[in-house]
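Asker: heads up, no residue letters with this:
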């Protein structure tokens with residue numbers, strides 16, 4: 001496992017993408033930083049992390065051939081890999097919040113940002129950015145409901161050991177993608193998806209609040225929600241959120 005450890009950096013995703021352009025980089029190379037000055041989450045959202053208390057890292061994954069139409073299976077594999085690694089340490093319920101946040105009960109524990117390098121209709125390689133709250137105990141109110149492994153378990157974690165556990169677990173779940181076992185991968189994802197098949201209050205991009213139920217996730221990542229009148233509606237990223245929590 002090739003792990004590059006840095007002190008302070010703008011972004012591990014930016015660093016790793018640049019590195020992969022400049023030279024040949026080993027598959028599953030990891031760049032980890034004690035502090036990121038411009039860490040990002042989905043859709044450009046900022047990621048807040050106290051220096052040296054958490055894990056902020058990126059993984060380079062290469063593909064011999066991987067059709068872009070199947071891209072969300074990559075997100076499924078990475079989120080499941082992270083989830084299963086954390087379940088080694090946490091006995092309380094953990095979930096994947098669509099598309100790929102990790103929740104401890106109802107509080108955000110980790111976020112994932114995937115940036116793909118595409119050639120034609122195939123993904124040549126992906127840079128997987130992960131921010132995991134590990135030993136940080138307090139969080140700014142502006143980021144909403146967040147927690148950490150330390151808060152959940154009461155244990156102080158060795159971040160180096162934890163990083164290796166997570167990367168190994170992600171590699172294992174990437175096997176589903178490599179073998180094109182998409183049906184089984186989706187089944188595992190839906191089994192761990194927060195509020196899947198359960199009525200919940202949602203808010204759409206226009207601020208409309210409505211009762212709905214998540215009934216499916218498509219291979220392009222869109223969410224299918226069954227409405228109160230039993231009709232269904234598709235939502236893309238950032239077009240919907242749970243109304244009962246700050247997101």
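Answerer: Done, it's in. As the structure is a computational prediction, the values presented were derived from the model and not from experiment. Numbering: from 1, shown residues only.

Asker: just for this protein, where's the confidence low?
Answerer: Along the chain, segments meeting pLDDT under 70 span 38-49, 244-247.

Asker: Going along the chain, name the helices of it.
Answerer: 12-22, 71-87, 149-153, 159-178, 182-192 (DSSP state H).

Asker: nearest to residue 200, of those helices?
Answerer: Residue 200 lies closest, by C-beta to C-beta, to one member of these: helix 182-192, at 15.1 Å. All C-beta spots, glycine's among them, are computed from the backbone N, C-alpha and C.

Asker: ok, and the closest non-adjacent residue to the residue positioned nearest the centre of the chain?
Answerer: For the chain, the residue nearest the mean C-alpha position is residue 112 (2.9 Å; C-alpha atoms, centre = their mean). Sequence neighbours aside, residue 100 is the residue nearest to residue 112 in space, at 4.3 Å (criterion: C-beta to C-beta, 6 or more residues apart in numbering).

Asker: dump the residue contacts of that neighbour.
Answerer: Residue 100 makes contacts with 42, 75-76, 78-79, 111-112, 114, as judged by C-beta atoms under 8 Å, 6 or more residues apart in numbering.

Asker: Buried ones from the residues you listed, can you make that a PyMOL selection?
Answerer: Buried members of the contacts of residue 100 can be picked out in PyMOL with the line below, counting by 16 or more other C-beta atoms under 10 Å:
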select buried, resi 75+76+78+79+111+112+114
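
Asker: Let me have the contacts of residue 100 in TSV, adding distance to residue 196 as columns.
Answerer: Converted to TSV, the contacts of residue 100 look like this (distance: C-beta to C-beta, whole Å):
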residue	distance to residue 196
42	19
75	15
76	13
78	18
79	13
111	19
112	18
114	21
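
Asker: returning to that earlier point: any idea how far the residue nearest to residue 112 is from residue 77?
Answerer: For residue 100, the distance to residue 77 equals 10 Å [C-beta to C-beta, to the nearest Å].

Asker: Need the residues that contact the longest strand along the chain.
Answerer: Criterion DSSP state E: the longest strand present in the chain is strand 107-119. Contacts of strand 107-119 with the rest of the structure, by C-beta under 8 Å, 6+ apart, involve 13, 17, 20, 40-42, 47, 68, 71, 74-75, 78-79, 82, 86, 94, 97, 100-103, 123-133, 143-149, 152.

Asker: buried subset of these?
Answerer: 13, 17, 20, 40-41, 47, 71, 74-75, 78-79, 82, 86, 94, 97, 100-103, 123, 125-133, 146-149, 152.

Asker: For the residue lying closest to residue 181 once chain neighbours are set aside, grab the count of nearby residues.
Answerer: In space, residue 181 comes closest to residue 175 once its chain neighbours are excluded; the distance is 7.9 Å by C-beta to C-beta, 6+ apart. Residue 175 is flanked by 12 other residues according to other C-beta atoms under 10 Å.

Asker: repeat for residue 14
Answerer: As a burial measure, residue 14 scores 18 neighbours (other C-beta under 10 Å).

Asker: ok, so what distance separates it from residue 37?
Answerer: Taking C-beta to C-beta, one finds residue 14 at 10 Å from residue 37.
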